[in-house]
Each structure stands twice: as structure tokens, then as C-alpha cells.
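Q: got a predicted structure plus its sequence, pasted below:
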Amino acid sequence: ERFNINSPKQLGVILFEKLKLPASKKTKTGYSTNAEVLEQLSWQHDIVAKILEYRQLVKLKSTYVEGLINVVNPLTGRIHSSFNQTVTVTGRISSTEPNLQNIPVKLEMGRKIRKVFIPQNEDYVLCDADYSQIELRVLAHITGDENMIAAFKNNEDIHTNTASRVFGIEKNEVTPLMRAKAKAVNFGIVYGIGEFSLSKDLGVSIREAKRYIEEYLSKYPNVRQYMHDIVEQAKEYGYVTTLFNRRRYLPELKSSNRNIRAFGERIAMNTPIQGSAADIIKIAMVNVYKELKDKKMKSRLISQVHDELIIEAHVDEKEQVEEILKKNMENAACLKVPLSVEVRTGRSWYDTK
């Protein structure tokens with residue numbers, strides 16, 4: 001049967017009346033076919049996965065293909081984004097008109113969009129330098145947790161290390177699934193994740209997610225202490241600070257609404273970590289820029305995407321640029337654990353990944 005895949009009403013009829021898939025309550029406008037509903041149905045029929053894929057491709061085409069073509073400068077043939085220093089509450093630099101920090105990377109089709117970002121001519125390449133797990137390294141520094149610090153100092157895989165501790169097995173027994181779960185817990189803790197959100201991320205019960213969090217906090221006791229202390233500090237002073245003394249005020253903690261207060265507590269836990277990471281990369285940016293300028297190099301810094309810096313490097317300066325990036329980024333802050341940076345070079349942004 002033919003139907004318009006772009007029509008939620010027609011799609012609802014196909015899914016819930018013709019195919020008899022379980023539906024949420026029908027409203028005056030028809031059945032809901034939003035992403036959340038479809039993701040819950042994806043295991044029940046093959047067509048659902050195809051619809052989700054189609055929507056992703058439509059989004060890629062409209063936002064990142066047609067959208068980027070429309071903002072190419074006719075004189076330079078380049079896209080000139082604006083980078084904003086004081087827009088985000090976290091302290092991260094943001095990118096607008098267009099946003100070049102949200103070019104999709106999870107899908108291979110999305111990653112291929114990066115192929116259109118190339119140097120000005122054949123005499124140049126792109127050097128992309130990316131911090132490895134900078135927020136977890138900042139967490140290790142701030143909490144002073146010996147287990148976490150040891151893992152980073154010994155250059156161990158932190159997610160495998162966490163999986164080993166949480167599941168009580170040897171590191172060589174950790175499966176890819178266990179590592180993936182540990183990775184979700186590692187990054188979730190940084191954002192003050194609760195058992196409900198973690199259970200949704202991992203597709204496990206709330207009870208199991210709660211057990212993962214408790215096991216994690218028991219294996220990294222200083223992290224638990226930090227989470228308690230930073231919230232109490234925020235309540236006392238009304239703000240938290242990054243490692244570089246940048247403050248974020250938290251009026252949410254005084255709200256009469258319990259959910260807003262809980263949100264404020266998560267911000268209190270996360271801001272010193274994410275905010276400090278943002279400060280570090282800004283320091284690195286300044287130092288990289290200064291060195292390129294002082295040495296009168298042809299290469300120049302052209303973009304920043306959260307934890308990574310991108311330089312358009314002259315081929316004669318490639319090795320020097322790679323060295324400048326690695327040196328300045330890894331030495332932007334003196335932490336209890338080493339900062340680690342990987343530099344990749346390619347003829348397009350896609351090739352650097």
C-alpha cells in the first residue's frame with residue numbers, strides 16, 4: 001500500500017491500524033509517530049527502523065547539505081561561522097550561523113558530510129587535535145580519587161578499568177558490552193546522571209542501573225565524596241567554580257520545586273568538571289594561536305569543536321603544527337593526571353578521523 005511517509009497521520013494509520021503495532025492513545029490529530037514512540041517500536045517491525053533511518057537522512061539533507069550550501073560565502077567559497085565566548089552557561093565556546101560544532105558523527109552518512117570541509121588549496125592539509133577523555137581526567141584531578149588517577153597515569157583504558165571494578169572481574173575478561181555500560185556510567189556520572197536516565201541509556205531496569213551507579217561510587221569513593229561536598233558548597237555559597245575560578249551561580253538550589261532543585265544539584269556536580277575542561281581548551285587555543293603568530297607561520301587555527309582544535313596547516317609546516325598542537329594542548333593545565341591529545345592530519349575534515 002502506498003502512503004506519504006512524511007505525513008504523521010498516514011504513517012499512524014499504517015503502523016497502528018494496518019500493521020496493528022501497539023499505539024499510544026489516539027488524539028484528535030491522530031497517532032503520535034515521534035522519534036521516541038518509533039524507537040520503542042523498532043524491535044517489533046522492520047519498517048520502523050527504515051522510517052527512523054529515512055528521517056535521519058532527511059535531516060542530514062535539509063540541515064547539513066542544503067543548509068551548508070546556502071551559507072557558503074560567494075566571494076571566498078568558504079563557510080564563516082561565528083564563535084561565541086560568553087553564550088553557554090558551561091563556559092564552552094559555541095558556534096552559530098552556521099553551527100559547525102554539531103556536524104553529526106554518530107552515523108557514517110553524517111560523518112561523510114565532513115568530506116566537504118577541505119583546505120584552501122593543495123599546499124595545505126587539515127590537522128585535527130582532540131583531547132582524550134578530558135572531562136574524566138578533570139574529574140580524577142578534582143576528586144583526587146587514587147584508583148582513577150592510577151588508571152590514567154598507567155595509560156589504562158578507563159572504561160575497561162571501570163568495567164573491571166564494577167563487575168568484579170579481571171580486565172581481560174571485560175566484554176565489549178560491559179565496557180559500553182561502564183562508558184555510559186563514566187560519562188553519566190560527570191553529568192550527575194540518575195538511575196532512571198541511565199536505565200534508558202543502557203536499556204536495563206532502573207534497579208540494575210542503580211546497582212551500576214552504586215558499584216561505581218563504591219569503587220571510586222572520592223567521586224562520591226566530591227558529589228556530596230560540591231552540592232553542599234553550592235548551597236552554602238550559591239555558586240560553584242571551575243579550576244580557574246570562573247563562577248557559575250545556581251539559583252535553582254533555592255527553588256521550591258524539587259525537580260528544579262535536583263537539576264541545580266546536577267549542575268553543581270558537573271560545572272567544575274565540564275567548565276574546567278572548557279577553560280583548558282580555551283587556554284590551549286590562545287597558546288596555539290600565539291605560537292603560530294610569533295613564528296610567522298602560514299598555518300592558522302580555523303575551528304574549535306568542544307574538545308578539538310583544527311588547523312589549516314601548510315604542508316611544509318605539518319610536522320611543526322602537529323608538535324605545536326600536542327605541546328600546547330597537553331600543557332594547558334597542570335593536573336594530577338596527564339592530558340592526552342591525539343593529532344590526525346588529512347586532506348579533508350573527514351580524513352582526520
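A: Everything's here; your move. Residues are numbered from 1 along each chain as shown.
Q: which regions of the protein sit below the pLDDT cut-off?
A: Within the chain, the ranges that satisfy pLDDT under 70 run 25.
Q: now do the helices in it.
A: 8-13, 35-41, 46-59, 67-69, 108-111, 134-143, 146-153, 158-167, 176-190, 195-202, 206-219, 221-237, 258-294, 318-330 (DSSP state H).
Q: just the buried residues of the third one, please?
A: So the one you mean is helix 46-59. For helix 46-59, burial by neighbour count (16 or more other CB atoms under 10 Å) applies to Ile47, Val48, Ile51, Arg55, Gln56. From N, CA and C alone the C-beta is placed, and that goes for glycine too.
Q: now the longest one
A: Using 16+ other CB under 10 Å as the test for burial, helix 258-294 gives 263-285, 287-288, 291-292.
Q: which residues touch Arg78?
A: Applying CB atoms under 8 Å, 6 or more residues apart in numbering, we find Arg78 in contact with Val72.
Q: for the nearest residue to Ser340 once chain neighbours are set aside, grab phi and psi.
A: Nearest residue to Ser340, sequence neighbours excluded (CB to CB, 6 or more residues apart in numbering): Ser132, at 4.2 Å. Torsion angles at Ser132 (phi, psi; degrees, to the nearest 10) stand at phi -90, psi 110.
Q: number of nearby residues for Ser132?
A: 14 (other CB atoms under 10 Å).
Q: same question for Ile103.
A: Neighbours around Ile103, by other CB under 10 Å: 21.
Q: now Pro98
A: Pro98 has 18 nearby residues by other CB under 10 Å.
Q: kindly report the same for the one 10 residues further on.
A: Applying other CB under 10 Å, we find 8 residues neighbouring Glu108.
Q: what does the one 3 residues further on give?
A: The local packing count at Arg111 equals 15, with neighbours defined by other CB under 10 Å.
Q: likewise His141?
A: 21.
Q: got the contact list for it?
A: Ile149, Leu243, Leu335, Lys336, Val337.
Q: so can I have JSON lines of those showing neighbour count and distance to Lys353?
A: Formatted as JSON lines, the contacts of His141 follow (neighbours: other CB atoms under 10 Å; distance: CB to CB, whole Å):
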{"residue": "Ile149", "neighbour count": "18", "distance to Lys353": "29"}
{"residue": "Leu243", "neighbour count": "18", "distance to Lys353": "29"}
{"residue": "Leu335", "neighbour count": "18", "distance to Lys353": "26"}
{"residue": "Lys336", "neighbour count": "16", "distance to Lys353": "30"}
{"residue": "Val337", "neighbour count": "19", "distance to Lys353": "25"}
